[in-house]
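> give the three-dimensional model of this entry:
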Amino acid sequence: MHAIRKDSVSLIAVAEHEEGQRLDNYLIKILKGVPKSHIHRIIRAGEVRLNKKRCKPDNRIQAGDTVRIPPIRTAEKQRPSESQAAPAREFDIVYEDDALLVINKPSGVAVHGGSGVSFGVIEQIRRARPEARYLELVHRLDKDTSGLLMIAKKRSALVKLHEAIRNDHPKKIYLALGVGRLPNDRFHVKLPLFKYTGAQGEKMVRVSEDGQSAHTIFRVLNRFSDGLLHQVGLSDLTLVEATLKTGRTHQIRVHLQSQDCPIAGDERYGDYQANKRLQKLGLKRMFLHASELHLAHPLTGEKLILKAPLPQELAQFVLMLENQEKAV
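Down below sits the predicted model:
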């Protein structure tokens with residue numbers, strides 16, 4: 001943490017893991033609670049200096065640069081009760097080196113705090129690793145989705161991974177169980193997705209021509225339509241592999257919903273009655289799991305193929321369905 005003085009000038013040395021950022025974004029991070037408009041004002045007024053020279057908000061900082069910051073009042077430190085809100089927690093590690101950490105996130109855990117959630121995966125990992133100089137989420141997973149989640153341990157890795165994601169390079173494969181029957185064994189869904197706010201203030205997505213382009217490839221792995229399902233009032237379930245060609249919010253969930261085959265256990269886009277019936281069979285969560293990541297290592301270029309098996313509760317549910325199919 002940088003010590004910013006409120007009664008005298010502060011001289012801050014840029015660390016290696018901080019380089020490459022715009023000056024204004026760097027100051028927003030270290031000057032907690034100071035409005036962006038004020039930060040731009042003190043830069044333009046010449047009160048902020050980069051290596052003793054006047055600078056602009058979009059100047060890129062480098063390791064070893066010295067940033068002069070005028071006396072400024074930042075937000076008070078968190079009260080102890082707030083700072084302890086995120087309990088330290090390590091998660092199952094699928095891959096780790098000095099630049100990248102990939103974990104297997106459990107269902108029911110948000111990736112970060114906010115929107116009514118006081119903390120998430122990233123806050124818990126930071127608490128568990130106080131010596132870590134840099135830990136940032138590369139991407140997100142929905143709270144109720146389990147599976148592979150990338151965390152950068154160096155800013156240079158984060159920049160490279162974000163560049164790859166913009167070019168749709170990391171191959172992301174999910175496993176999902178749909179409520180309904182998909183007619184084809186393999187098919188593409190190319191429907192634009194539009195984000196909006198729901199009646200309760202929740203983040204929602206719908207298919208709309210006004211939305212962003214979105215492309216998912218689906219491959220059917222298994223179909224279930226046995227007597228056990230009929231006993232609880234269901235006709236068909238379809239286990240699919242979904243490969244993302246773009247990475248839009250709630251993409252797989254809404255694309256499957258658009259095919260009249262919403263994800264089992266999905267409380268936002270799913271079938272309420274079907275979900276209640278699935279609970280009787282033992283499914284207590286949304287059946288969506290990020291199972292594979294194919295990517296080039298952000299710093300070395302090494303090809304990585306990372307896998308996370310289905311969590312036990314989902315694997316057991318599939319096994320039960322498969323055994324019922326064989327028994328019929």
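
> and the strands in the stretch 51-200 of the chain, which stretches?
66-69, 92-96, 100-105, 136-137, 146-152, 171-179, 186-190, 193-197 (DSSP state E, counting those that start in this stretch).

> so which of those strands comes closest to residue 162?
Across these, residue 162 has its closest neighbour in strand 146-152 (8.9 Å, C-beta to C-beta). No exception for glycine: its C-beta is placed from N, CA and C like everyone else's.

> let me know the angle separating the strand or helix carrying residue 221 from strand 186-190.
When elements are assigned from DSSP states H and E, residue 221 belongs to strand 215-224. In terms of direction (axes from the mean of the first three to the mean of the last three C-alpha atoms, to 10 degrees), strand 215-224 departs from strand 186-190 by 140 degrees.

> partners of strand 215-224 in the sheet?
strand 186-190 (antiparallel), strand 237-244 (antiparallel) (DSSP bridges).

> lowest mean pLDDT among the helices and strands of this structure, which one is it?
The weakest-scoring helix or strand in the chain, judged by mean pLDDT, DSSP states H and E, is helix 80-83 (a mean of 43).

> coming back round to it: now the strand holding residue 221 against strand 171-179, angle please.
40 degrees.

> now do the buried residues in strand 215-224.
215-218, 220, 223-224 (16 or more other C-beta atoms under 10 Å).

> again with stretch 228-241
Those would be 228-229, 234, 237-241, for stretch 228-241 by 16+ other C-beta under 10 Å.

> and what of stretch 107-127?
Buried, per 16+ other C-beta under 10 Å, within stretch 107-127: 107, 109-111, 113, 119-127.

> lowest-confidence one in those?
Of all the buried residues of stretch 107-127, residue 113 carries the smallest pLDDT score, 81.

> would you list the buried residues of strand 215-224 in JSON lines and tack on distance to residue 23 and pLDDT?
Converted to JSON lines, the buried residues of strand 215-224 look like this (distance: C-beta to C-beta, whole Å; pLDDT from 0 to 100):
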{"residue": "215", "distance to residue 23": "37", "pLDDT": "96"}
{"residue": "216", "distance to residue 23": "39", "pLDDT": "97"}
{"residue": "217", "distance to residue 23": "42", "pLDDT": "98"}
{"residue": "218", "distance to residue 23": "45", "pLDDT": "98"}
{"residue": "220", "distance to residue 23": "51", "pLDDT": "98"}
{"residue": "223", "distance to residue 23": "56", "pLDDT": "95"}
{"residue": "224", "distance to residue 23": "57", "pLDDT": "94"}
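
> which one of these is nearest residue 302?
Nearest member of those to residue 302, counting by C-beta to C-beta, is residue 217, at 25.2 Å.

> quick check: that closest one touching residue 186?
Yes: the pair formed by residue 217 and residue 186 meets the contact definition of C-beta atoms under 8 Å, at 7.4 Å.
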